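Participant: Structure here, sequence nowhere to be found:
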């Protein structure tokens with residue numbers, strides 16, 4: 001599964017200004033997405049139980065999931081404006 005750079009950038013912008021909304025799927029997974037983008041193609045991100053993986057998917061094809069390690073996620077989040085120091 002490929003995440004378009006524009007979708008990742010939009011999610012990063014929303015995360016950096018804390019405008020991320022959440023929706024819980026019937027399977028109990030809570031997905032975050034940029035607030036106000038539900039009606040348009042957007043990136044959805046879920047922190048998996050145990051905190052070892054982060055799943056990413058596009059709203060246009062929820063059957064495909066990219067899996068990041070928590071280290072990859074913290075590296076990404078650490079590059080956002082106003083980010084806290086990296087964990088670990």
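Facilitator: Good, I have the coordinates. None of the values given here were measured: they were computed from a predicted structure.
Participant: Buried residues, the longest strand seen in the chain. List them.
Facilitator: Looking across the chain with DSSP state E, the single longest strand is strand 61-69. Within strand 61-69, no residue counts as buried by 16 or more other CB atoms under 10 Å. Every residue, glycine included, has its C-beta placed from N, CA and C.
Participant: Equivalent analysis for stretch 31-38, please.
Facilitator: 31, 32, 33, 34, 37.
Participant: What is the burial count for the nearest residue to the last one once chain neighbours are set aside?
Facilitator: Which is residue 37. Nearest residue to residue 37, sequence neighbours excluded (CB to CB, 6 or more residues apart in numbering): residue 10, at 7.0 Å. Residue crowding around residue 10 was assessed by other CB atoms under 10 Å; the count is 18.
Participant: ok, residue 10 to residue 26 distance?
Facilitator: 26 Å (CB to CB, to the nearest Å).
Participant: got the end-to-end distance for stretch 42-57?
Facilitator: Stretch 42-57 has its terminal residues 9 Å apart, counting by CA to CA, to the nearest Å.
Participant: any idea how far the helix or strand of the chain with the lowest mean pLDDT is from the chain center?
Facilitator: For the chain, the helix or strand with the lowest mean confidence is helix 70-78, at a mean of 86 (criterion: mean pLDDT, DSSP states H and E). Distance, stretch centre to chain centre, for helix 70-78: 11 Å (CA atoms, centre = their mean, to the nearest Å).
Participant: angle of it against strand 61-69?
Facilitator: 100 degrees (axes from the mean of the first three to the mean of the last three CA atoms, to 10 degrees).
Participant: Tell me the helices and strands packed up against helix 70-78.
Facilitator: strand 53-58 (3 or more CB pairs under 8 Å, 6 or more residues apart in numbering; DSSP states H and E).
Participant: In its sheet, which strands sit next to the strand it packs on, and in what direction?
Facilitator: Neighbouring strands of strand 53-58 in its sheet, by DSSP bridges, are strand 43-47 (antiparallel), strand 61-69 (antiparallel).
Participant: which residues are contacting it?
Facilitator: Strand 53-58 is contacted from outside by 1, 3-4, 7, 29, 31, 41-48, 64-70, 72-73, using CB atoms under 8 Å, 6 or more residues apart in numbering.
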